[in-house]
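J.: coordinates only, no sequence provided:
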Ligand SMILES: [Zn+2]
C-alpha cells in the first residue's frame, strides 16, 4: 500500500512540475502562413511569409470567382436548352 501512495505523491510532483513549465511559456502566436512561433503582436514571421500568404489568398479568391462564373454559364446553358428552342 505504501508503494502506491508514494507513487501517487511522485505523480503529483510531476504534474506540479508540468504546470510550472506550461506557465513559463510566454504568450505567442503562430505564423498564419508557415505556423512557426511568433510574437503575439504579429501575424506573420516575416515579410516574405506575408507576401506569400497574400498571394495565396488572392489566388483562392480568383478560383472562387472562376467557379461562380462557371456556375453562371452552366445555369444559363441549362436555362437556354430547357427553354424549348
Ligand atoms: Zn511564416
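T.: Done, it's in. None of these values were measured; they are calculated from a predicted model.
J.: off-centre distance for stretch 26-37?
T.: 10 Å (Cα atoms, centre = their mean, to the nearest Å).
J.: center of the chain, which residue is that?
T.: Centroid check for the chain by Cα atoms, centre = their mean gives residue 32 as the closest residue, at 6.8 Å.
J.: the ion versus that residue, what's the distance?
T.: 7 Å (Cβ to the ion, to the nearest Å). From N, CA and C alone the C-beta is placed, and that goes for glycine too.
J.: cool, and residue 21?
T.: In this view, residue 21 and the ion are 25 Å apart by Cβ to the ion.
J.: count the residues that sit near that residue.
T.: By the criterion of other Cβ atoms under 10 Å, residue 21 has 9 neighbours.
J.: over to the one 3 residues further on?
T.: When neighbours are defined as other Cβ under 10 Å, residue 24 has 7 of them.
J.: begin at 40, not 1, for the rest of this chat.
T.: Taking 40 as the first residue, the last one we looked at is residue 63.
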